[in-house]
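Engineer: Sequence below, structure please.
(2 chains)
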Amino acid sequence: MRYFSKIWQLLGDTKFAVFIFYLTSAIAIIGSLLMKQNPYIFFPLKYTNIQEWMLSYGIRNLSYIWWLPILFVLLFIVAVSVFVCSMNLFKEKFLFLAHIGFLLTLVGLFISHTLSFISTGNILTKGAQIKIPYSGILLRLEDIKISYFSKKTILLGKAKDASDCSAVLLIEDQKKICKKKVSLNNPCFYKGFTLFIEDFYPKQKFSAPCWINLTIRKDYGLPLIFTGSLLFLAGLLGVLLR
Amino acid sequence: MFGLSFPLKTYFLATFIYALAFFISFFKEKLSYFLLFFGFLVNLVSEISGRSIIWPYCNMFSEPYFLPLFFSAAFLSIPSLRKEIKISTFLVFISSLIPVFFSEGYYPPFTLMSKSIFAHLFHLSLFIGHGFMFVSAYFALLCFFKNKDYKASVYRYSAIGFFILCITGAFGMIWSYVGRCDVISWNHYYFHSIGTWFYYISLFHLYSQERLDKKALFLFVGGSILIFVLDYIPQIGGIHKPILNERLYEVFQ
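Structural biologist: So this is what the prediction gives:
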């Protein structure tokens, strides 16, 4: 019990927090420099959960990724420390809000990158249909529209290059059918799934069959991340203005 | 509406006016303020025209062009910095000179992914946040070398900068999610931002414990050096002659 209270005291100590923050900062910066040299190892993290990536790409490139597990351990210590601090700061509402918001964001990020469902490489031509795995939801590409920069565009070298891509998806779910529009930087949401246009073809104006490459993600951490971020910002603003 | 070289020409004009403001600050302070303000307006025209040309896409590496604009606005509006007209105009002039000789161009290749309001909000708030951090470091240096008590200003401006950088993070997460299906961008920019963020959060914890003496104000200068090395320098290229050629855009595609 005495042991527990000592650890609790240490985790709630500002000196300890500052030390951990400096260490996290240093590891993140060292990691960013290693990442800059070998970006391709980290690209698949976008499409896989961290544990899967660790067992495939990570384990084969330990000399380049060693900092990432250390960063995760440090972030775990930061999360525990923030939790202890927030208990001690219960009466100071804005500081409490900022700490809890940060904690929720960290938990959300953890859930998002360990438990999310991600499906990639879903290439659809007009009229083609796919099934979202484990859901029974059918997707059909009803229409696709690719716009291009005009021949006379002021942006040199961009003439006839693609400027945007949008598509209309027919979603069939237990005999219910609905239409959703999706475009670059503008995904559509359906029952917790987010559908993104990852890629499309053709990128230049010429006559060729068009297709889009859809990425489907069900991110369980997203609500926590955004709620946490909002709470954190509100708490921080309160601290700034008091 | 504008020619492709219009933002560059107006930017170079602003640099020239900033240079005048600096040299005149040794003789006529009021005229120097006026020139600084005039330079700010010309720089603003350059910034707005540059952004409108590639709108709705976003020029993601334009911080070196934006920083002198922020500095001139800050130095005109913060009374204690107005008193330091010589150093302030010198900083504006030097920061405006860097893109003239080192920038890779006003129009680095933009990606289709930058066609998002969140890309614009992210970059603008990032540049403003960085600007506040630099202003805070400037106050810290004034504290140390001019023996003035600007400790509260150092904290105030870095706290504002930090808050803006946190908003930047929120915009970045949204942009990253809608564009790349993940709130984290798995690239080195993201992780050095995390590093800088943790560096500043540790400073604020130190400050809250009143463990920052005058010498420790250099830690705020250290934060700005981190931003300068990790964020600013990657946005400038090798030294070259000032180029006003419209083809510059194509060269760096």
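
Engineer: C-alpha from now on. contacts and neighbour counts both.
Structural biologist: Fine.

Engineer: mind listing what's buried in stretch A:193-207?
Structural biologist: When burial is assessed from 16 or more other C-alpha atoms under 10 Å in any protein chain shown, stretch A:193-207 yields the following buried residues: A:193-205.

Engineer: nope, stretch B:76-95 is what I was after
Structural biologist: Buried, per 16+ other C-alpha under 10 Å, within stretch B:76-95: B:76, B:81-82, B:85-93, B:95.

Engineer: Can you lay out those as TSV showing pLDDT?
Structural biologist: Shown next, in TSV, are the buried residues of stretch B:76-95 (pLDDT from 0 to 100):
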residue	pLDDT
B:L76	94
B:L81	89
B:R82	85
B:I85	91
B:K86	93
B:I87	94
B:S88	94
B:T89	95
B:F90	96
B:L91	96
B:V92	96
B:F93	96
B:S95	95
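
Engineer: which one among those residues gets closest to B:V154?
Structural biologist: B:L81 (12.2 Å; C-alpha to C-alpha).

Engineer: who's in contact with the closest residue to A:K36 other than its chain neighbours?
Structural biologist: Counting by C-alpha to C-alpha, 6 or more residues apart in numbering or on different chains, the nearest residue to A:K36 once its immediate chain neighbours are dropped is B:H188, at 5.4 Å. Contacts of B:H188 were listed using C-alpha atoms under 8 Å, 6 or more residues apart in numbering or on different chains, and they are A:G31, A:S32, A:L33, A:M35, A:K36, A:P39.

Engineer: residue ranges for the helices of the stretch 51-200 of chain B, please.
Structural biologist: Listed in chain order, the helices of the stretch 51-200 of chain B (DSSP state H, counting those that start in this stretch) span B:63-77, B:79-82, B:85-102, B:117-145, B:151-180, B:188-208.

Engineer: Return the angle between stretch directions for the fourth one and helix B:63-77.
Structural biologist: Helix B:117-145 runs at 60 degrees relative to helix B:63-77, counting by axes from the mean of the first three to the mean of the last three C-alpha atoms, to 10 degrees.

Engineer: name the helices or strands packed onto helix B:117-145?
Structural biologist: In terms of contacts (3 or more C-alpha pairs under 8 Å, 6 or more residues apart in numbering or on different chains; DSSP states H and E), helix B:117-145 is packed against helix B:63-77, helix B:151-180, helix B:218-227.

Engineer: Which strand or helix spans A:L170?
Structural biologist: Using DSSP states H and E, A:L170 maps to strand A:162-173.

Engineer: How about the residues of the stretch 151-253 of chain B by chain A?
Structural biologist: B:159-160, B:163, B:166-167, B:170, B:175, B:178-182, B:185-192, B:194-199, B:201-203, B:205-206, B:209, B:247, B:249-250, B:253 (C-alpha under 8 Å from any C-alpha of the partner chain).

Engineer: Buried ones among these?
Structural biologist: Buried, going by 16+ other C-alpha under 10 Å: B:159-160, B:163, B:166-167, B:170, B:175, B:178-182, B:185-192, B:194-199, B:201-203, B:205-206, B:249, out of these.

Engineer: Check which residues of the longest helix along chain A are buried.
Structural biologist: In chain A, assigned by DSSP state H, the helix with the most residues is helix A:14-37. Using 16+ other C-alpha under 10 Å as the test for burial, helix A:14-37 gives A:14-15, A:17-18, A:20-35.

Engineer: again with stretch A:219-229
Structural biologist: Neighbour count says stretch A:219-229 has A:D219, A:Y220, A:G221, A:L222, A:L224, A:I225, A:F226, A:G228, A:S229 buried, by 16+ other C-alpha under 10 Å.

Engineer: Put together TSV for the helices of the stretch 51-200 of chain B, with distance to A:I70 on each row.
Structural biologist: Below are the helices of the stretch 51-200 of chain B laid out as TSV (distance: least, C-alpha to C-alpha, whole Å):
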stretch	distance to A:I70
helix B:63-77	32
helix B:79-82	43
helix B:85-102	37
helix B:117-145	27
helix B:151-180	22
helix B:188-208	13
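
Engineer: Least reliable of those helices by average pLDDT, please.
Structural biologist: Ranked by mean pLDDT, the helices of the stretch 51-200 of chain B bottom out at helix B:79-82, with a mean of 88.

Engineer: And chain B, what are its domain boundaries?
Structural biologist: Domain ranges of chain B: B:1-109, B:111-253, per automatic domain parsing.

Engineer: wait, which of those domains is closest to A:G157?
Structural biologist: That would be domain B:111-253 among these, by C-alpha to C-alpha, at 5.8 Å.

Engineer: That closest one: how far from the chain's middle?
Structural biologist: From the chain centre to the centre of domain B:111-253 is a distance of 8 Å (C-alpha atoms, centre = their mean, to the nearest Å).

Engineer: quick one: the helices in chain A?
Structural biologist: A:2-11, A:14-37, A:39-42, A:50-53, A:59-60, A:62-65, A:67-88, A:93-114, A:222-241.

Engineer: Would you enumerate the residues in contact with B:L219?
Structural biologist: Contacts of B:L219 (C-alpha under 8 Å, 6+ apart): B:L203.

Engineer: I should have written A:L68 there, sorry.
Structural biologist: A:G31 are the contacts of A:L68 under C-alpha under 8 Å, 6+ apart.

Engineer: now do 10 Å
Structural biologist: For A:L68, the contacting residues are A:I27, A:A28, A:G31, A:S32, A:M35, A:M54, A:G58, A:L62, A:L74, by C-alpha atoms under 10 Å, 6 or more residues apart in numbering or on different chains.
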